[in-house]
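# let me see the structure of the following:
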Amino acid sequence: MKVSENLTGVSRRDLLKLTRQFGITSTLLAAGSLGGAVSFTSLARAAESTYQKRFAKEAKHTLKFGAAGFNARNLLIERAGCLEFSRDLEERTEGEIRVEFIGDNQICGQLSCVEKTQLGIVDIYAASTQNSAGGAPYLNILDYAFMFPGRASQYYFLYSPASQKVLRDPLEKRHGLKFLFSHAELRGIQLGLNAKDKPTVTKLEELFGTKNRVTGTQLGRIAMQLLNLNPVPVAWEETLDGLKQGLIDGAETWASAVAYANMAPVVSQSVDLKFFCGTEHTAMSAKVFDGLEPHLQDAVMESAYLAQVHVQAANEAALVKTVGFSDPQLPGTIFAENDVRPAFLAPDQIKMAEEMCSPEFNPEPWAQWRERLNNWSGGLDTYTEIHKVAREIPADMLPENVEPRRWWRSA
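Residues are numbered from 1 along each chain as shown. Predicted structure coming up:
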């Protein structure tokens, strides 16, 4: 259990003892609620309290949550909201729903969680929409290049009733998945150690010709090909070794993913190309959701809303204070400790990339996928719909200032 490596003062043997006594989920929820250094005594006390609260009465529904590679430690780096959602849902339903949280790739990974949810092996999952697009291709609608100007526009869309119409309802109808909430970052190119002694990237052309890992998103590959970034499909779990061995020059992902996955030691520059979504989402089997009593369905949605609000604030803070994705960079952050340099490209360079690869300026390469996604949506122009909503707020709005809304209610 990888989480044992991440709790200072708690040995692997002690952690296994606690999980045998109180269960994995109670122990993880307890660990996630503790701040600073965690000792065996403090964790045991918190795990016992959490266990007693969770098992005070018999649950009507036990939901299995496959959380890919997440655990109590790395969810404090990339604030994806998984534990907050689980904890709030149990408390909100007064134990009628119990969540069995299974992370550390023990039941499913980034590429397989979506399929295992569709097969009924797990009830809820957390993974990136891009990695999940292999099993649920409609998720590609988030990956049109430069559809979102910044993280604020991503959160604004997730809160918007438009997301219900263009993202959530078609996803549920086509793939049987209920999109609950998501973290929001934009993908860039994370250069490996072969760029360590090179100047910090300032020009788009400095990335041309590099060979970069790509996720399961088909639309992301289109953008990378148009930007001459040579996309190479590499599983997330194998990306670290690929960078370490120099098999790839870089990887398309986002800053906090580098930090939470222990990739910082093999990344030298985090280039903020922000060319398409990095969205670590949590979704649920629609069949399981529909099988819940109405008041419990309401509880799931309210807990998802709370988790979305939490993620919006917490991940923005963690990017600066924990990850070190800022200029100037704070000392003691993961990027600073590992000599990872954020490379924030000037607006003219971002504009150049947008004009090279976005559907607005270069529509032909996107036409086939755009038509396919439009048909799956029930006839919506998916790119135009999302592009328009993403620009209803000022481009320079801070992500933490986006007003939360309950997206499932009409505007």
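# tell me which element H281 is part of?
strand 280-285 (DSSP states H and E).
# just give me the longest helix of this protein.
For the chain, the longest helix by residue count, based on DSSP state H, is helix 294-318.
# now that helix: buried residues?
Under the neighbour-count criterion of 16 or more other C-beta atoms under 10 Å, helix 294-318 has 296, 299-301, 303-312, 314-316, 318 buried. In short, each C-beta sits where N, CA and C put it, glycine included.
# tell me how far the ends of stretch 276-296 are from each other?
One end of stretch 276-296 to the other measures 35 Å (C-alpha to C-alpha, to the nearest Å).
# can you offset everything so residue one is 484?
Okay, using 484 as the starting number, the last item reads as stretch 759-779.
# how near is Q728 to G675?
According to C-beta to C-beta, to the nearest Å, Q728 stands 9 Å off from G675.
# tell me which of those two has more neighbours.
Neighbour totals were compared for Q728 and G675, and G675 leads with 24 against 10 (other C-beta atoms under 10 Å).
# which residues in the stretch 634-783 of the chain form helices?
634-642, 644-646, 652-658, 701-709, 719-727, 738-743, 769-773, 777-801 (DSSP state H, counting those that start in this stretch).
# contact partners of the last one?
Same thing as helix 777-801. 543-544, 559-565, 567-568, 571-572, 575-576, 579-580, 634, 638, 641-642, 663-668, 739, 765, 767, 772-773, 775, 881-883, 885, 887, 889, 891 (C-beta atoms under 8 Å, 6 or more residues apart in numbering).
# pull the CA atoms of whichever helix or strand comes after it into PDB?
Following helix 777-801 in sequence order, the next helix or strand is helix 817-820 (DSSP H and E). Output in PDB follows, covering the C-alpha atoms of helix 817-820 (Å, rounded to 0.1, in the frame of the first residue of the first chain):
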ATOM      1  CA  ILE A 817       7.800  20.200  -4.900                       C
ATOM      2  CA  PHE A 818       9.000  22.000  -8.100                       C
ATOM      3  CA  ALA A 819      11.500  24.100  -6.200                       C
ATOM      4  CA  GLU A 820      12.900  21.200  -4.300                       C
END
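# any buried residues in helix 817-820, and which?
In helix 817-820, counting by 16+ other C-beta under 10 Å, buried: I817, F818, A819.
# with distance to A826 added, can I get those in JSON lines?
Listed next are the buried residues of helix 817-820 as JSON lines, based on distance: C-beta to C-beta, whole Å:
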{"residue": "I817", "distance to A826": "16"}
{"residue": "F818", "distance to A826": "11"}
{"residue": "A819", "distance to A826": "15"}
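# which of those sits closest to P848?
Each of those was scored against P848 by C-beta to C-beta, and F818 proved nearest at 33.4 Å.
# can you give me the pLDDT of S516?
S516 carries a pLDDT score of 67 in this model.
# closest to the centroid, which residue in this structure?
E763 (1.4 Å; C-alpha atoms, centre = their mean).
# pLDDT score for that residue?
Reported pLDDT for E763: 97.
# my read: it touches R562, true?
No: using C-beta atoms under 8 Å as the test, E763 is too far from R562 to be in contact (9.3 Å).
# shared neighbours of these two, anything?
What both E763 and R562 touch, as defined by C-beta under 8 Å, 6+ apart, is the set H666.
# how about the strands of the chain, start to end?
For the chain, the strands defined by DSSP state E cover 544-549, 580-585, 607-611, 660-665, 668-669, 671-674, 695-697, 714-716, 733-736, 752-754, 760-761, 763-768, 824-826.
# minimum distance to C596: which of those strands has it?
The minimum distance between C596 and these falls on strand 607-611, with 3.8 Å, by C-beta to C-beta.
# mind giving me the packing neighbours of that closest one?
Applying 3 or more C-beta pairs under 8 Å, 6 or more residues apart in numbering; DSSP states H and E, we find strand 607-611 packed against strand 544-549, helix 596-601, strand 763-768.
# which strands border that strand, and is each parallel or antiparallel?
The strands that strand 607-611 pairs with in its sheet are strand 544-549 (parallel), strand 763-768 (antiparallel) (by DSSP bridges).
# can you list the domains in this structure?
As assigned by automatic domain parsing, the chain contains the domains 484-539, 669-760+808-884.
# CSV please, covering the ones you listed and showing distance to S611.
Output for the domains of the chain, formatted as CSV (distance: least, C-beta to C-beta, whole Å):
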stretch, distance to S611
domain 484-539, 19
domain 669-760+808-884, 7
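# can you say which of those is nearest to L654?
Per C-beta to C-beta, nearest to L654 of the domains of the chain: domain 669-760+808-884, 9.1 Å.
# need the contact list for the nearest residue to T693 once chain neighbours are set aside.
Excluding the flanking residues, the one nearest T693 by C-beta to C-beta, 6 or more residues apart in numbering is D732, at 4.0 Å. Counting by C-beta under 8 Å, 6+ apart, D732 makes contact with L674, G675, N677, A678, T693, K694, N695.
# burial of the fourth one, as a residue count?
Applying other C-beta under 10 Å, we find 23 other residues in the vicinity of A678.
# and the spatially closest residue to it that is not a sequence neighbour, how far from G733?
Excluding its sequence neighbours, the residue lying closest to A678 (C-beta to C-beta, 6+ apart) is S751, at 4.8 Å. Taking C-beta to C-beta as the measure, S751 falls 9 Å from G733.
# by neighbours, which of the contacts of D732 wins?
Sorting the contacts of D732 by how many neighbours each has (other C-beta under 10 Å) puts L674 first, at 28 neighbours.
# beta partners of that residue?
Here L674, judged by DSSP bridges, has bridge partners G733, Q752.
# pretty sure A718 is touching L594, no?
Yes: under the criterion of C-beta under 8 Å, A718 makes contact with L594 at 6.3 Å.
# more neighbours, those two?
With neighbours defined as other C-beta under 10 Å, A718 and L594 compare such that L594 has more, 20 against 14.
# count the neighbours of the residue lying closest to Q701 once chain neighbours are set aside for me.
Once flanking residues are discounted, Q701 sits nearest to N623: 5.7 Å by C-beta to C-beta, 6+ apart. A count of nearby residues for N623, using other C-beta under 10 Å, gives 25.
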